[in-house]
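1. let me see the structure of the following:
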Amino acid sequence: MATFEKVPVVDVHCENISIIWPSLLLAVRSSDFIGIDLELSGLGNRRNLVTRCMEDRYKFISEVAKSRSILAVGLACFKITGIVSDGLGLQFQAQTFNLTTLCNEEYVVEPDALQFLVNHGFDFNKQYSKGMYYSRGVDKETKMQKHNIRELITEMVACKKPVVFHNGLVDLVFLYENLYCPLPGSYSSFIADISEMFPGGIYDTKYIAEYKSHMNASYLEYVFRKSQRENAVLSTSGQKHIQISFCSYPQGVGFVEYRHCELPANLQEPMEEKLNPVEFCKQYGSHGWCCRGISCPYSHDPDIILDNEHLQKHKRKRKRNRKRKRSGNDVEDKHSMETDEIEETKKKGKSDECTMDVKEKDMKSTEGQNDIESMVKDRKENESSVEIATIPKTDETKSVRTLEKKPAPGKHRAGFDAFMTAYSLASFLGKCKHLEDSTVTKHETSLDTRFQIDVKNLLYLSGKSVPLLVEKSHFSKTSSFHREKIHKICPPKFKHITEVILESKGIH
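-> Here you go, the predicted model:
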């Protein structure tokens, strides 16, 4: 279905992992790509996340990953099941899992991170009582549980599936250290390692939103909601779109939760009929983060933010139409359109110059922090410092109302965030030109080849204008821990003569 009202998320923990394990493995093995999201116990000093030198940035994130832990892992397994009638897009089947984890070693929990998770419904009692144990670094045998999260990550590497993150550099470092093997000492070795870990490709929906879809904002909730709304409009207008189906679970199953994400009933009504002025937090609307958090009195509703975005676009279009009618000059109209676009680009450019995005989303203490300096400043200033954008009044409305902002328990969870990440990629793929299965089988090529896109192995980098290319350099080598583990997971069929010579001389 092109539109859906709720997403089933399978809650996995140590008490039910044995029951769910077979279906979890089947979902991973049969998927075409897997969305991944992590809940973390902290990120350290956020300023170091935007250090300009990538070697220094990597070293800082590595130290954080060695002292903090993963609290939950979200997996969203998407499988292409067919083509929409008349070739108008793709059909996907989605299976989403939320795996609660517990590091059995000492780790740091930051107060800000703890507060953020508690405010968004994270159950720490459940984590400590039912979390699946894991150890950092090298694989360690455990008798406490037959199946574990490290084994699952190993299976994902063995299957060579494409993986999808949103602003994924930090997640990749944490995933490597906590659930794969010890991190290498150098940044270049890390890049070489992960390029071999995920030969199917690493995709970053924040990079796609910024550089390919050119969205006004790129935090996860905004990207997902905009993609969902656009897909609904495309489906009703007979254009390329995607359809999502979910597995059916028996009623009353205690480990399946449903995340509601129905679209507004008036989504496709004429703009003039839904001009209902609402004050919303401009800071949150731009960056997905607000210094007040859930106590902010202004709306953080993405639908209100997107409605305002469409309203401003609608107003500019009406303004251009009025100018065209008055002048009757197409050249002047074209000039006015170009002027509007230039002014809008300048405004956005000024905003971008003074903002640098850090790791957003769940549990990374704040979602969508595009501005480190602004965060420090906002916390020092009083409540009047928060910028508020107001939708102008209409003739029918003489006062502007403020929506009460209430906590949304369970809104930010690793499982649902993984689904939002994978859905955003699926929506992007649905609008791309793709090759038919009769021409190229999906098992022989990457997503980039099948859909004729160039977003593989390009990660968004906070504070930089170019993405990170995940590709092994001719001047770098993989780490010894990675080589040892990858040979166990995927034994090489044969060794190159160079490897034989080097090994005979004791060189690795």
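2. going forward, measure contacts between C-alpha atoms and count neighbours the same way
-> Fine.
3. check contacts around residue 17.
-> Counting by CA atoms under 8 Å, 6 or more residues apart in numbering, residue 17 makes contact with 147-148.
4. tell me the phi and psi of it?
-> phi -60, psi -40 (degrees, to the nearest 10).
5. which stretches of the stretch 351-500 of the chain have low pLDDT?
-> Residue ranges of the stretch 351-500 of the chain with pLDDT under 70: 351-412, 434-445, 492-500.
6. for the protein, what's the longest helix?
-> With secondary structure taken from DSSP state H, the chain has its longest helix at helix 302-327.
7. in it, what counts as buried?
-> Residues 302-308, 311, 320, 323-324 are the ones in helix 302-327 that count as buried (16 or more other CA atoms under 10 Å).
8. just send the residues you listed back as TSV, with pLDDT too.
-> Shown next, in TSV, are the buried residues of helix 302-327 (pLDDT from 0 to 100):
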residue	pLDDT
302	80
303	79
304	80
305	82
306	82
307	80
308	80
311	76
320	72
323	74
324	75
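9. I'd like those laid out as CSV, including distance to residue 230.
-> Converted to CSV, these look like this (distance: CA to CA, whole Å):
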residue, distance to residue 230
302, 13
303, 12
304, 15
305, 14
306, 11
307, 12
308, 15
311, 15
320, 24
323, 29
324, 28
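10. now the two most distant members of the residues you listed.
-> Distance extremes for the buried residues of helix 302-327: the farthest pair is 302 and 324 at 33.1 Å, using CA to CA.
11. hey, where'd the strands end up in the stretch 201-350 of the chain?
-> 202-204, 241-246, 256-260, 278-281 (DSSP state E, counting those that start in this stretch).
12. what sits up against the longest one?
-> Translated: strand 241-246. Contacts to strand 241-246, defined as CA under 8 Å, 6+ apart, come from residues 1-4, 7-8, 84, 88-95, 231-232, 234-235, 426-427, 430-431.
13. also the third one?
-> Around strand 256-260, the neighbours that count as contacts under CA under 8 Å, 6+ apart are 5-11, 249, 411, 416.
14. tabulate those residues in CSV, adding columns for distance to residue 71 and neighbour count.
-> Converted to CSV, the contacts of strand 256-260 look like this (distance: CA to CA, whole Å; neighbours: other CA atoms under 10 Å):
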residue, distance to residue 71, neighbour count
5, 28, 10
6, 24, 13
7, 22, 21
8, 20, 22
9, 17, 23
10, 16, 24
11, 13, 19
249, 26, 10
411, 16, 17
416, 15, 27
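15. if we only consider these, which is nearest to residue 35?
-> So of these, ranked by how close each gets to residue 35 (CA to CA), first place is residue 416, at 10.0 Å.
16. tell me how far that closest one lies from residue 213.
-> 22 Å (CA to CA, to the nearest Å).
17. kindly report the same for residue 205.
-> Relative to residue 213, and taking CA to CA, residue 205 is found at 10 Å.
18. how is this protein carved up into domains?
-> As recorded under automatic domain parsing, the domains making up the chain are 6-245+411-504, 266-402.
19. looking at these, which is buried most?
-> Ranked by mean neighbour count, the domains of the chain are led by domain 6-245+411-504 with a mean of 19 (mean count of other CA atoms under 10 Å).
20. tell me how far that domain is from the chain's mean position?
-> Domain 6-245+411-504 has its C-alpha centroid displaced from the chain centroid by 9 Å (CA atoms, centre = their mean, to the nearest Å).
21. list the contacts of the most centrally placed residue in the chain.
-> Among the residues of the chain, the one closest to the centroid is residue 166, at 2.7 Å (CA atoms, centre = their mean). Counting by CA under 8 Å, 6+ apart, residue 166 touches 37, 204-207, 220, 421.
22. mind running it again at 10 Å?
-> 35-37, 203-209, 218-220, 223, 359-361, 417-418, 420-422, 424-425, 459-460 (CA atoms under 10 Å, 6 or more residues apart in numbering).
23. sort out for me which of these are in helices.
-> 205-207, 220, 223, 417-418, 420-422, 424-425.
24. in a markdown table, list these along with distance to residue 475.
-> Below are the ones in helices among the contacts of residue 166 laid out as a markdown table (distance: CA to CA, whole Å):
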| residue | distance to residue 475 |
| --- | --- |
| 205 | 29 |
| 206 | 29 |
| 207 | 26 |
| 220 | 35 |
| 223 | 37 |
| 417 | 36 |
| 418 | 34 |
| 420 | 37 |
| 421 | 33 |
| 422 | 33 |
| 424 | 35 |
| 425 | 32 |
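25. closest one of those to residue 118?
-> After measuring the ones in helices among the contacts of residue 166 against residue 118 - CA to CA - the closest member comes out as residue 417, at 16.5 Å.
26. packing partners of the longest helix of the chain?
-> With contacts defined as 3 or more CA pairs under 10 Å, 6 or more residues apart in numbering; DSSP states H and E, helix 302-327 has these neighbours: helix 220-236, strand 278-281, helix 282-287, helix 330-353, strand 388-390.
27. for it, what is the distance to the chain centroid?
-> 30 Å.
28. for stretch 106-116, measure first residue to last.
-> Span of stretch 106-116 from end to end, CA to CA: 21 Å.
29. give me the mean pLDDT for that stretch.
-> The pLDDT scores in stretch 106-116 average 88.
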